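Engineer: Any chance you can model this:
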Amino acid sequence: MQTPTIRDVAARAGVSVATVSRVLSEHPSTSAASRQKVLSAAADLGFRPNAQARSLRRTRTNTIGVLVSDVRNPFFAEIAHTVEQTALSHEMATLLCNADESTEQQDHCLDLLVSQRVDGMIVTPQGDGSGSLREVLSLGLPVVFVDRTIDGVEVPSVTSDNRTGIVEAVQHLAGLGHRRIGYVAGPQVTSTGRERLAAYREAVADAGLDTDPGLVFEGDFRSASGVAGARALLALPDPPTAVLAADSLMTFGVLLECRDRGLRIGADLSVIGYDDIESFGLVSPPLTVIAHDPSRMGALAVDMIRDLLAGEPVTSAVLTSSLVLRGSTGPAGGTR
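Structural biologist: You can find the predicted model right below:
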């Protein structure tokens, strides 16, 4: 008969793996009801909670859990790769999970990482900090947020300045004579989506440009929403002469829609993307982008986890972003 695992106990008790871990390690934040459910399930299954609890409290696995929001996104793929390589240089392994921009899948991944007894986690968080994420934080497990944060959740983080690059992009387009700048925003349930949209609105107003709310399309950090956003913006009675997208996958979507319409990028429509990924320099014309440094973010996140494990103080870091000018932006007035 197979030896029962912590996940079996969680399923039997109807609670998360993080809750089981908290009960077994005698964490003070566990409720009497949760404790009773877990201990009853453990007894029914023949699970040995005391030995497991000692292991959870004392054993280092030299493993970091890494949870990114979308592993297909080149930006997060670069973060994951750098985390893996940096951890490996310190004789630590990584377990990579993909939230797929879903809080439900995030909860499942977090439970899985807890069951694998990782020493700490590097997380691009989804949602508002509820569910399994809150339970993981209550365990006292070292956690570092990367790229995104959650309001009211005090966790060390490595993020980018979401304002400067957007402001520079709007000012650049204004200098080229663009008055109506379309914006494909990220989801407003994410800190990056909110901060970049706020920066766009502020920059457009400060430059005296058109603040028509119809110029904003809320996407979901996926390429299909970039296509939908470009399609909606270009269908306006008075369409924009330039489009700015808030992440790399949505930028790809904007480019796909422009291709299908036969638009000349930089002539018929100016386009600015987000994230300076390699392929953006290979399109024709090369794409003007807002650049930040995912490699640096990943490396710093590992350093923070190691400091937390060593009991050292950790300070959050905000890295710079900047506009990289290439050929995809030109003077307003092209024919569409």
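Engineer: residue contacts, the residue nearest to L173 when sequence neighbours are not counted?
Structural biologist: Distance criterion CB to CB, 6 or more residues apart in numbering; nearest residue to L173, sequence neighbours excluded, is A242 at 4.8 Å. Every C-beta, even on glycine, is put in place using the N, C-alpha and C of the backbone. Shown in contact with A242 (CB atoms under 8 Å, 6 or more residues apart in numbering): L173, L176, H178, R180, I181, G182, L269, S270, V271, I272, T329, A332.
Engineer: which stretches of the stretch 51-200 of the chain form strands?
Structural biologist: Shown for the stretch 51-200 of the chain, the strands assigned by DSSP state E, counting those that start in this stretch span residues 63-68, 93-98, 120-123, 143-146, 157-160, 181-185.
Engineer: Just put those strands in a markdown table and tack on distance to M304 and mean pLDDT.
Structural biologist: Written out in a markdown table, the entries for the strands of the stretch 51-200 of the chain read as follows (distance: least, CB to CB, whole Å; pLDDT from 0 to 100):
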| stretch | distance to M304 | mean pLDDT |
| --- | --- | --- |
| strand 63-68 | 11 | 96 |
| strand 93-98 | 15 | 96 |
| strand 120-123 | 8 | 96 |
| strand 143-146 | 5 | 97 |
| strand 157-160 | 7 | 97 |
| strand 181-185 | 29 | 98 |
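Engineer: quick one: low-confidence parts of the protein?
Structural biologist: Low-confidence segments of the chain, defined by pLDDT under 70, are located at 1-3, 25-29, 48-58, 334-336.
Engineer: got a list of what the residue nearest the centre of the chain touches?
Structural biologist: Taking CA atoms, centre = their mean, the centroid of the chain lies closest to T124, which sits 4.2 Å from it. With contact taken as CB under 8 Å, 6+ apart, T124 is in contact with L67, V68, S69, F76, I79, A99, F145, V146, D147, R148.
Engineer: switch to 10 Å and redo it
Structural biologist: 66-70, 73, 75-76, 79-80, 99, 101, 106, 145-149, 190, 192, 297, 301 (CB atoms under 10 Å, 6 or more residues apart in numbering).
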